[in-house]
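A.B. asks: no FASTA, just this:
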Ligand code: BGC
């Protein structure tokens, strides 16, 4: 089946039509800059525009950068606080005139990786860490997702919130070299490893394309690999999530 997958990020909103049986993008991938502040109005308009640009009519899957409980946004770390408590699935359905299904962006990226990407052979525990404006996490055991883990907000033993220490936004803001930033990410990944003992760590988001630049700094026992879909895992997974919901 084909579904429009949309990944709402801190700097851009990306979308493409996805063939859910293979995870392939079957349309051009379009991107709209995220307007600041990222309010329900501005993100709603951007999502509507993406749907129109794809001339899409049908279900829409959306990966969204917040904890999403049954279609309602519960947090707003890098978006306008007006999102907290908003029934985002209903809101985007109304904005686009299509049925929209919304889940956390890292969770949906994880769905894509577990089904078709780097995690597909993992029978045990897999941890997906998406690195962009924020730090997102998805935790799977035996292929099952524990949603909304929000481990980007973990406080590290240096007293700092992981997202304020090792996100890509911090690397850019502090003009860190990839290797120096890699030491920070390593600190974070080792903290997660000691808490969850995953069998595999998958890196998603923009930084997944640059793993070779900081891989030498990663000293976890757990293998760390880039997402099979790289930065497109969110788009693919959003479509897979919508399909899952349609089946219910
Ligand atoms: C949000 C998460 C999101 C992550 C990546 C964090 O700030 O709290 O919900 O998954 O950023 O976008």
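C.D. replies: Done, it's in. Small disclaimer: the values here were computed from a predicted structure and weren't measured.
A.B. asks: Give me the phi and psi for whichever residue of the chain sits closest to the ligand.
C.D. replies: Here the residue of the chain nearest the ligand is residue 134; by Cβ to the nearest ligand atom that distance is 2.3 Å. Every residue, glycine included, has its C-beta placed from N, CA and C. Backbone dihedrals for residue 134, given as degrees, to the nearest 10, come out at phi -110, psi 180.
A.B. asks: same deal with residue 73?
C.D. replies: Dihedral angles (degrees, to the nearest 10) for residue 73: phi -80, psi 130.
A.B. asks: For residue 23, see how far away the closest residue to the residue of the chain closest to the ligand other than its chain neighbours is.
C.D. replies: Setting aside the residues directly before and after it, residue 134 is nearest to residue 78 in space (Cβ to Cβ, 6 or more residues apart in numbering), at 5.0 Å. Distance, residue 78 to residue 23, by Cβ to Cβ, to the nearest Å: 26 Å.
A.B. asks: I'd say the residue of the chain closest to the ligand and residue 162 touch.
C.D. replies: No: when contacts are counted by Cβ atoms under 8 Å, residue 134 is not listed as touching residue 162 (9.8 Å).
A.B. asks: which other residues reach stretch 179-198?
C.D. replies: Under the contact criterion Cβ atoms under 8 Å, 6 or more residues apart in numbering, stretch 179-198 has outside partners 124-127, 129, 131, 135, 137, 139, 151, 154, 156-158, 162, 165-166, 170-171, 176, 201, 207, 213-222, 224.
A.B. asks: Sort out for me which of those residues are in helices.
C.D. replies: Residues of the contacts of stretch 179-198 located in helices (DSSP state H): 162, 165, 166, 170, 171, 213, 214.
A.B. asks: Count the residues that sit near the residue nearest to residue 214 when sequence neighbours are not counted.
C.D. replies: Once flanking residues are discounted, residue 214 sits nearest to residue 182: 2.9 Å by Cβ to Cβ, 6+ apart. Neighbourhood size, residue 182 [other Cβ atoms under 10 Å]: 23.
A.B. asks: element containing residue 182, please.
C.D. replies: Per DSSP states H and E: residue 182 is located in helix 178-196.
A.B. asks: Report the rounded mean pLDDT for that helix.
C.D. replies: Averaging pLDDT along helix 178-196 gives 98.
A.B. asks: Same check on stretch 15-23?
C.D. replies: 98.
A.B. asks: Then stretch 106-113?
C.D. replies: For stretch 106-113, mean pLDDT is 98.
A.B. asks: ok, and what's touching it?
C.D. replies: For stretch 106-113, using Cβ under 8 Å, 6+ apart, the contacting residues are 7, 23, 61, 63, 119-120, 126, 128-130, 136-140, 145, 147-149, 202, 204-205, 227-229, 233-234, 236-238, 240-241, 244.
A.B. asks: let's see it at 7 Å
C.D. replies: Outside stretch 106-113, the residues that touch it by Cβ atoms under 7 Å, 6 or more residues apart in numbering are 23, 63, 119, 128, 130, 136-138, 140, 145, 147, 202, 204, 227-229, 233-234, 236-238, 240-241.
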